[in-house]
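Q: sequence unknown, structure follows:
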């Protein structure tokens, strides 16, 4: 067991600080659901002023080699070597929230955040961390911080959290993008009729044209929907089963 694993753990403050052990503001955890909503903190300290999860791994445990489970709260030791190892483990676990400095240009950020996380919340201003006795440090951490979500559930929690900052979603699902990419039924029909030069079109022809349209794939009653939109004023029936677009 590497008992020096956590040397410098949580050293968020400047090099002039009198201690290397600092704790995240409890308000951050509260805004993410509270300590009880996290199953494990793999980078905790034996003399913590408050819990950060239901279970904690401390220095003697070596959180890099013990099993991780459930939702993780990760505030790793602030050295590049240890951040790389812990963020790599977090990316593989893919569930929970990490808090680190917003060093977006670093190798671990590119490898285990940009390419693996589901969302980011860049905090406004700089955090003031807390001492082991729970008191708040007078000086801020010396750099901006970012909360990193892993997994879709924590992405949504982070997006809705009452924390001042800028949220950036990552790893979009196609379903999240479709509303912005797919036209409405009215827009789709308008585009179709615009290409027909004002001539009337039969329902049979419309059905064939829209049979493989993106809007029909998720709606088994798309023919009913198409007729409903036709009847709402922008189009007119000129004969049985024959429709044309009303000029604007």
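A: Cool, got the structure. No experiment lies behind these values; they were computed from the predicted model shown.
Q: From now on I want contacts and neighbour counts done on CA atoms only, so please keep to that.
A: Fine.
Q: Okay, helices next: where are they in the protein?
A: For the chain, the helices defined by DSSP state H cover 26-31, 80-93, 107-109, 152-160, 174-181, 185-194, 203-210, 214-217, 222-230.
Q: Report the distance from the second one to the chain centre.
A: Once both centres are worked out by CA atoms, centre = their mean, to the nearest Å, helix 80-93 turns out to sit 18 Å from its chain's centre.
Q: For it, name the packing helices and strands.
A: Applying 3 or more CA pairs under 8 Å, 6 or more residues apart in numbering; DSSP states H and E, we find helix 80-93 packed against helix 107-109.
Q: what sits up against the helix it packs on?
A: Applying CA atoms under 8 Å, 6 or more residues apart in numbering, the contact partners of helix 107-109 are 80, 83, 84, 87, 88, 103.
Q: Out of these, which one has the lowest pLDDT?
A: Of all the contacts of helix 107-109, residue 80 carries the smallest pLDDT score, 82.
Q: Now do the contacts for residue 119.
A: Contacts for residue 119 (CA under 8 Å, 6+ apart) come out as 148, 149, 150, 155, 158, 159, 167, 168, 169, 170, 171.
Q: burial count for the closest residue to it other than its chain neighbours?
A: Counting by CA to CA, 6 or more residues apart in numbering, residue 119 lies nearest to residue 169, which is 4.2 Å off, once chain neighbours are set aside. Residue 169 sits with 16 neighbouring residues when counted by other CA atoms under 10 Å.
Q: isn't residue 169 right up against residue 155?
A: Yes: counting by CA atoms under 8 Å, residue 155 is a contact partner of residue 169 at 7.2 Å.
Q: Report the set of residues contacting both of the two.
A: Common neighbours of residue 169 and residue 155 (criterion: CA under 8 Å, 6+ apart): 118, 119, 120.
Q: burial count for residue 92?
A: Residues lying near residue 92 (other CA under 10 Å) number 12.
Q: helices and strands of the protein: which one bottoms out on pLDDT?
A: Least confident helix or strand of the chain, by mean pLDDT, DSSP states H and E, is helix 174-181 with a mean of 50.
Q: From the contacts of residue 119, keep the buried residues only.
A: 148, 149, 150, 155, 158, 159, 167, 169, 170 (16 or more other CA atoms under 10 Å).
Q: ok, now how distant is the fifth one from residue 229?
A: Right, residue 158. To residue 229, residue 158 is 38 Å away according to CA to CA, to the nearest Å.
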